[in-house]
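# For reference, the sequence and a predicted model appear below.
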Number of protein chains: 2
Amino acid sequence: MTSDYRVGLLGHGTVGSAFARLLEERAEGIEAATGRRPVLSGTLTRGDGEFHEILERSDAVVELMGGLDPAREYVAGALRAGRHVVTANKQLVSRHGEELFAAAAEAGVQLRFEAAVAGVVPVIRVLQESLAGAYVERVHGIVNGTTNYILTEMARTGASYEAALAQAQRLGYAEADPSEDVDGRDAAAKMAILARLAFGTPVRLDQVPYEGIEHIAPDDLEYARDFGLGLKLLGTAERVDGGLSVRVHPAFLYPGHPLASVNGPYNAVTVESDAITEITMSGPGAGGPQTASAVLGDLVSVMTGQDAPRGLEAELEVVQDVASAFYLHLEVADEPGVLAQVAQVLGLQGASIKSVVQKGLGNDARLVMVMHPVAESKFFAALELISGLDFLRGAPRAIRVIEEEFV
Amino acid sequence: MTSDYRVGLLGHGTVGSAFARLLEERAEGIEAATGRRPVLSGTLTRGDGEFHEILERSDAVVELMGGLDPAREYVAGALRAGRHVVTANKQLVSRHGEELFAAAAEAGVQLRFEAAVAGVVPVIRVLQESLAGAYVERVHGIVNGTTNYILTEMARTGASYEAALAQAQRLGYAEADPSEDVDGRDAAAKMAILARLAFGTPVRLDQVPYEGIEHIAPDDLEYARDFGLGLKLLGTAERVDGGLSVRVHPAFLYPGHPLASVNGPYNAVTVESDAITEITMSGPGAGGPQTASAVLGDLVSVMTGQDAPRGLEAELEVVQDVASAFYLHLEVADEPGVLAQVAQVLGLQGASIKSVVQKGLGNDARLVMVMHPVAESKFFAALELISGLDFLRGAPRAIRVIEEEFV
C-alpha cells in the first residue's frame, strides 16, 4: 500500500493548468517510479483558495503564480514550514535566491527551480548535480526563445526587427509587451541564476549588464554573413582574471560554435570546463506544457528525496570590463583617408582591425570591420571618438563577436 | 569537523588514473559542496591490491576496470556488501544490468553509470531524473565518437572509409582494433542501456539489430548532398505500435535535425516526448578526463545521498520490423526501361520512390533515389529482387533516411 504525495499548487494560469493536467496524466507512472502517487491537495487561484489551508495539507508546494508579490512570501513561508518547493519563477529566484536558499537549508527542505531557466533544457540539474564536482570556466546561453526566433527570422528572410517581432507576436512567441524579452532583461535574470549555480557565488541582477536586440538592422546580419558569422542574443558567465563576468548582449558566433546552429524559439546552454571540454543542451524555450514538464521532473526529485549538493561557496568579484572582439559598422562619406583615420582612433585605444570590407559608394559608403579582442572600455572610448568624426553619416553600430579559440 | 568519504578505485588505466587525479584536484571543492572530503581508500590495479580489503575500507566503489570478468563479480559483490557503486562499464551494464539493478535495490544502495553512455553528455541523469515523470516517445543518439569522426571526415574531405579510419587512429579517436566501434556493436550496447532507462523495460543486447559504417562509400555522401542530407551512425529507441524498437544503423538526417550539426568525435542524444517536444544534449565522446568527470559527478550524487527513481516498470515487446525511409544507390546498365523495372519491383512491395536522380552515362550510370517510408522487411525483400535484375552492375547500396516529420 502506498500513501498519496500531496502537492499544493499556487497559480492556475497557462503553466499552472498545464501542470495540473500533466500531473494527473502521469500520476500512475510516477507512482510506479517512486512508490507514492502525487495528488493535488489544493489549488490557489486569483479568486479562490487560501494559502495557509493549502500549505497545511501539502507535502510539497509548487509555485507557478509568477511575480514577486505574494510569491516571495508564499515560497519563503512554505520552506520555513518544512515543505519542499518547486517553482518556475525566474524573477523570484534571481532577486531573492539567497534568502530562499538559506530558508531551504535551515529547514532541511529542497527548493528546485529547473523551469525558471531555459524551458525544458535541464541545465539547472546538470550544473547542480552532474557538474557538482567540476570547475566550470564558462557558461554561454541562448536563454530567451523570443529573441532567438526574431533573430532567426531576420537572418532567414531579411526582415526588419519590427517585422520579425510582429511575426513572433502573431505566432505566440512574443508577448504583446515584449520589452523584457527584447531588451535583454529576461536573459539577464536567467544568466544571474546560472552564474550563481555554475560558480557558487551570489550574483545580483544589477551586476549583470545587458543589451537587447532592438537596434539590430537587417544589413548587420547581411554583412556579417560575409564574415561567416551568425547572430544570437548571448548570455555569458565566465571567469575573468580571478573574478566573474556575467552579461547579456547580441553576439556574432563563428559557424562551428555549438550555439550557432540553434535556431527558432529554442533555448540552449553550453557549459565549458577543462575536464569536460564542453556540454551543450538545447530544447524549446518556455511554453506551458514544456514548463510544466520541467516542474514535474523537479517534483519527482523532491518526492524521491534527492537533494542537490549545495553550491560551492566562493566569493568571486563580479567584474564589468572584459575583452571582446567587435564587429563595427560605420556609414561614412566616400572620401580618401577615412579608413586611415578610423584605424588611427581605434589604434590609440589599443583596438586593432582584423578584417575590413568597404561597401557601397558615395552616399551609401560603409566600412564594415571585425576587430581583434580588446577591453570593452577602451573600445567604447574609441567608439565615442569615432562618433565625433565629421565624415560619419550615422551612429556607429557595434556588435560583439565570439571567435573560435582553438584555431 | 567533517569525516572523509572513502572511495575504493578498481582499475588504474587511462580512465582510472585520470579519475584519481581529478578526485585529488577537486577534493576541496567537493568537501565544500557536500560536507565530506572524498579520499581514495585503495586502488586495485592489475598487479596490486586485494578487492576484499579495498571493499572493507570504502564507503563507495568506483569500477573503471572495464570488461566483464572480474568486474561483474566485484560490482555485484560491492552492492551486496552495501556499498554504492559508480561504474563506466557499458558492457557490464548492458549485459548484466538487471542483475545489478536488483542487487542495488535489495541492498538499498545506488548504482550509477553516467560515464557508460555518451561520454560527458549527462543523458543518464536527465532520463532518470529530469524526465522521470515524462512519457518518452523516442531517443535518437550519436553514441559513438569514433564513427562520428570518421563520417564527418569522409563528408568534409571526400576521403574513403579506410583513409578516414586511418586518420582517426592517428589522432587517437579510433583504437588499433576498431571493430566494435565501426560495426555498431558499441553503439548497440549503449542504446540498450538508454532504452532501458527511457522506457523502463529490460532490453537484451540480442534484441538490438545493428549495422556499421564499413560499407559507406564516399559517393553515398556526395550524392546524398544533392538531397540535402548528412550521414550519421544513428541509434534509435522508440515506441512502435505499442512495442519498442531499438536499433543502430547509418542514417541520413535532414538538415534541420538536431543531430545533423553534431560533427567530429562528439556524442549527442535527442529525447522526444509530447510534453517537452525534444531535448538535445551533446559533448565530446569518451576520453580519459571526460569519462573521469562524468564518474565524479556520479560520485558526488552518491555522496549527497541522492537516489535516482527506479525506472517505471513496463513490459514492452521489443519489435524488429519498423517502417523506414531509404536512400537507394544502384549501379545500372545505361539502357531504356531500367528505372521503370526498379520502380515496379519496389512498388510490388509497397515501396514508392520519393525522388530520384540519374547520374553518369554508359558504364558509370547510377540511379540514386530516396524512398517513402515502408516496412523494412518489405523494402529488403524488394532489394533482394532488385539484386537479381540483370542490368545491375553491382550490389545495391541502401541507407536509412530520417525525414522531417512536421513539414
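Received it, and whenever you're ready, just let me know what you need. Residues are numbered from 1 along each chain as shown, chains lettered A, B, ... in the order given.
# Going along the chain, name the helices of chain A.
With DSSP state H as the criterion, chain A has helices at A:14-34, A:51-56, A:71-80, A:90-107, A:123-125, A:145-157, A:161-170, A:179-182, A:185-199, A:218-226, A:288-303, A:338-348, A:376-387.
# Using TSV, lay out those helices together with mean neighbour count, mean pLDDT and distance to chain B.
(Each C-beta comes from the backbone N, C-alpha and C, glycine too.) Shown next, in TSV, are the helices of chain A (neighbours: other C-beta atoms under 10 Å in any protein chain shown; pLDDT from 0 to 100; distance: least, C-beta to the nearest C-beta, whole Å):
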stretch	mean neighbour count	mean pLDDT	distance to chain B
helix A:14-34	19	91	4
helix A:51-56	16	96	21
helix A:71-80	20	97	19
helix A:90-107	18	93	12
helix A:123-125	26	92	6
helix A:145-157	23	95	11
helix A:161-170	17	96	18
helix A:179-182	19	96	20
helix A:185-199	26	94	11
helix A:218-226	17	81	17
helix A:288-303	27	91	4
helix A:338-348	16	93	35
helix A:376-387	17	94	30
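# Out of those, the one nearest residue A:237 is which?
Comparison of the helices of chain A against residue A:237 by C-beta to C-beta identifies helix A:185-199 as nearest, at 3.8 Å.
# helices or strands up against the closest one?
Here helix A:185-199 touches helix A:90-107, helix A:123-125, strand A:136-142, strand A:230-240, strand A:243-253, going by 3 or more C-beta pairs under 8 Å, 6 or more residues apart in numbering or on different chains; DSSP states H and E.
# For those, give me CSV that also has distance to residue B:363.
CSV is the format used below for the helices and strands packed on helix A:185-199 (distance: least, C-beta to C-beta, whole Å):
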stretch, distance to residue B:363
helix A:90-107, 65
helix A:123-125, 56
strand A:136-142, 51
strand A:230-240, 44
strand A:243-253, 47
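# what's the distance between residue A:246 and chain B?
Using C-beta to the nearest C-beta, to the nearest Å, residue A:246 is found at 20 Å from chain B.
# Is that residue in contact with residue A:201, as I believe?
No - the pair residue A:246 / residue A:201 is not scored as a contact, 9.9 Å apart, by C-beta atoms under 8 Å.
# neighbour-wise, which of the two wins?
Neighbours per residue (other C-beta atoms under 10 Å in any protein chain shown) separate residue A:246 from residue A:201, with residue A:246 holding more: 28 against 19.
# what sits against that one?
Residues counted as contacts of residue A:246 (C-beta atoms under 8 Å, 6 or more residues apart in numbering or on different chains) are A:191, A:192, A:195, A:203, A:207, A:208, A:235, A:236, A:237, A:318.
# Once you drop chain neighbours, what's closest to the third one?
Nearest in space to residue A:195, with sequence neighbours left out and distances taken as C-beta to C-beta, 6 or more residues apart in numbering or on different chains, is residue A:237 at 3.8 Å.
# How many residues are close by the one you found?
For residue A:237, the count of nearby residues is 27 (other C-beta under 10 Å).
# Contacts only, for it.
Contact analysis of residue A:237 by C-beta under 8 Å, 6+ apart lists A:138, A:139, A:191, A:194, A:195, A:198, A:199, A:203, A:244, A:245, A:246.
# Quickly list what it is bridged to.
Residue A:237 has these beta-bridge partners by DSSP bridges: residue A:139, residue A:246.
# before we move on, the earlier item: which residues do residue A:246 and residue A:201 both contact?
Common contacts of residue A:246 and residue A:201 (C-beta under 8 Å, 6+ apart): A:195, A:318.
# Please name the nearest non-neighbouring residue to residue A:153.
Among residues not flanking residue A:153 along the chain, residue A:164 sits closest, at 4.2 Å (C-beta to C-beta, 6+ apart).
# contacting residues around residue A:394?
Counting by C-beta under 8 Å, 6+ apart, residue A:394 touches residue A:331.
# Give me the pLDDT value at it.
The model reports residue A:394 with a pLDDT of 90.
# In space, what's closest to residue A:234 - neighbours in sequence excluded?
Using C-beta to C-beta, 6+ apart, the nearest residue to residue A:234 is residue A:251, at 4.1 Å.
# ok, the one you found to residue A:181 distance?
Going from residue A:251 to residue A:181 by C-beta to C-beta, to the nearest Å gives 17 Å.
# picking that back up, tell me the two of the contacts of residue A:237 that are most distant?
Of all pairs drawn from the contacts of residue A:237, the greatest distance, 14.5 Å, lies between A:138 and A:203 (C-beta to C-beta).
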